[in-house]
Each structure stands twice: as structure tokens, then as C-alpha cells.
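A.B. asks: when you get a sec, could you give me coordinates for this:
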Amino acid sequence: MPKISLLIADVDGTLVTEDKILTERAQSAVAALHARGIRFAITSGRPPRGMAMLIEPLALTAPLAGFNGGVFACPDLSVLEMRKLAPDIARQAIDMIQGQGMDAWLYTGTDWQIHKKDAPHVAREAWTVKFEPTVVARFSDVDLDQAVKIVGVSDDHALVAKCEADVSAALGDHASARRSQPYYLDVTNPMANKGAVVDELVKTLGVPEAEVMTIGDMPNDVLMFRRSGFSVAMGNASDEVKARASAVTDSYNDEGFAKAVERYLLNGPA
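C.D. replies: Residues are numbered from 1 along each chain as shown. Okay, the predicted model is just below:
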């Protein structure tokens, strides 16, 4: 193991369980990191306000990297930096997502907009982030001026993977298109990706990249694996993601996050 001064963790599929529970063992592991002087930060496709419930139990002091790095916020949720999509790129992403039969969601810095409240995953997402979406007939040009993230949603996982490839090819360097869940395709500013999250946090916190450990479960987490001195894939990750990590831990339903912290950073249970 290299020396580690900062741990950056994905949230859904990693830090919390399938039921979005932050376990006592995970909390204890993070508390032990703080006691040893190892910084801890979280990054997610969620908006910063959708991570607010984690701030107090984890005693977070580092910036929150919401929207996969589209918005960096202080623990009091004041915005440090926002990386928006260009309006024409946001429109193209929406048209491609809807053209393939997927639902489209629009996130601005303060709002979450959808077309149908009874669409798949809306209720689950609202429960997860602890705020309700706004139902609109269309995403207006004014809203697109404030677009931070476009999400394509479908329970056809093969379709989401295909749409990821198509949107990525069409938008090129103008956007980042990555799956944050098998049923979610996140389209963000090209500088809003988890590799750029590592870049921003090492600069802000003054930690060498080689002293960063990252942990995650999805293809978009591979970008931060590449920027860190040591990386861990969750047991619930795909074989493709596991192959890109330095090590593999147990699943999010079997304390995989806490076990990784204990094994690689604490050398035993917290």
C-alpha cells in the first residue's frame, strides 16, 4: 500500500447499501480515518443537497462533489464551483435520450425537472435525495442555460449502455456521458467527471495524487481509479470495473466499503 492521505468514495452502490443505508460500521470506519488524519470526501451523481444527510454522520469537512463533479459545494451546501452544460449540447443530449425511448431528467444547480412523476425510478430517486422533482411539460431554453446534468433513465440496461456509447460518440469532447447506475445515463460538462473530481480535490486539499485512494462500483468510477494511487472496486461492480481497480472488496450489502477502509487504511476493524 502506498501512503494514503485522502480517500474519495462514491455514494450509491459503494458507501451506502442497496436500501441507501449508511451503516454504523461505515460511520465508524470514516471516524477512524478522521482520527488518523486521513481526509475523506464523497462524490456522486446526486446533487449536493441529495448528499446532505451524510454530512453530519460522517463529519464531512471536504467539498462535496455533486453531479459527478458538476457542482462542488461546502458542507454547508454553499456552491464553490458549478460546471454547466452548453445549452445546445444539453438539448442534443435530451433529444438523443428521448429519441431512443428513454425518459430524460434535467438537473440545474437548484432544481430537478421531469416530465412524468409516475415514470420509473422517480419515486425512488426522490426518496434517496430527500426532495421532490418539478414536473414540467418541456425543458425550456431558459432552463437549459442552467443545465448541470441530463439523465437518461430506462430499465432496459442494454439500451442505457447503447445510449451511453451513442451520446458519447455524438457529443465527443463537449460532454461526459457515463452510466452512474445500470439504469441511469449521466450527461454532464466534460470537466464534470470523477477523474476531474480527483484533480479538483487534490488541488483544493493539497494532497498528492499518489496519496489518494478511491472506491466505487460503476464505469464512471474508473475515471477516478486512473487518477489515484490506489483504487478499490466494490464486490457488486461489473467484472470490467473490477479489472480496472487495484483491489476488490465485498459488496455494498456486505459492508464492502467499511471492510476496504479497515483492510487497506486501518489494518483491522475500525
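A.B. asks: could you pull out the helices for the stretch 1-150 of the chain?
C.D. replies: Here the stretch 1-150 of the chain has its helices, by DSSP state H, counting those that start in this stretch, at 24-35, 52-55, 87-99, 122-129, 141-144.
A.B. asks: please disregard the earlier target; I meant the stretch 151-270 of the chain.
C.D. replies: Remark: helices assigned in the stretch 151-270 of the chain by DSSP H, counting those that start in this stretch are 157-171, 194-205, 222-225, 239-243, 256-261.
A.B. asks: could those helices be laid out in JSON lines, adding mean pLDDT and distance to R83?
C.D. replies: All C-beta atoms are positioned from the backbone trio N, CA, C, and that covers glycine. Output for the helices of the stretch 151-270 of the chain, formatted as JSON lines (pLDDT from 0 to 100; distance: least, CB to CB, whole Å):
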{"stretch": "helix 157-171", "mean pLDDT": "97", "distance to R83": "15"}
{"stretch": "helix 194-205", "mean pLDDT": "96", "distance to R83": "8"}
{"stretch": "helix 222-225", "mean pLDDT": "96", "distance to R83": "15"}
{"stretch": "helix 239-243", "mean pLDDT": "97", "distance to R83": "24"}
{"stretch": "helix 256-261", "mean pLDDT": "98", "distance to R83": "27"}
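A.B. asks: what stretches of the stretch 101-250 of the chain score poorly on pLDDT?
C.D. replies: Residues of the stretch 101-250 of the chain meeting the criterion pLDDT under 70: none.
A.B. asks: rerun at 90
C.D. replies: 109-111, 138, 140-143, 178, 180-181 (pLDDT under 90).
A.B. asks: and E200, how many neighbours?
C.D. replies: If you count neighbours by other CB atoms under 10 Å, E200 ends up with 20.
A.B. asks: and the one 3 residues further on, by the same measure?
C.D. replies: The local packing count at K203 equals 10, with neighbours defined by other CB under 10 Å.
A.B. asks: tell me how far I38 lies from Q98.
C.D. replies: With distances taken as CB to CB, to the nearest Å, I38 is found 44 Å from Q98.
A.B. asks: related to what we said a few turns ago, of the helices of the stretch 1-150 of the chain, which is nearest D111?
C.D. replies: Across the helices of the stretch 1-150 of the chain, D111 has its closest neighbour in helix 141-144 (8.1 Å, CB to CB).
A.B. asks: buried set for the closest one?
C.D. replies: Under the neighbour-count criterion of 16 or more other CB atoms under 10 Å, helix 141-144 has 143-144 buried.
A.B. asks: could you dump the helices of the stretch 151-270 of the chain to JSON lines with distance to I21?
C.D. replies: Below are the helices of the stretch 151-270 of the chain laid out as JSON lines (distance: least, CB to CB, whole Å):
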{"stretch": "helix 157-171", "distance to I21": "24"}
{"stretch": "helix 194-205", "distance to I21": "23"}
{"stretch": "helix 222-225", "distance to I21": "23"}
{"stretch": "helix 239-243", "distance to I21": "22"}
{"stretch": "helix 256-261", "distance to I21": "12"}
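A.B. asks: from those, which stretch is densest packed?
C.D. replies: helix 256-261 (a mean of 26; mean count of other CB atoms under 10 Å).
A.B. asks: show me what that one is packed against.
C.D. replies: helix 24-35 (3 or more CB pairs under 8 Å, 6 or more residues apart in numbering; DSSP states H and E).
A.B. asks: what comes up buried for the helix it packs on?
C.D. replies: 25-30, 32-33.
A.B. asks: what's the closest of those residues to R138?
C.D. replies: Nearest to R138 among the buried residues of helix 24-35 is A26, at 40.8 Å by CB to CB.
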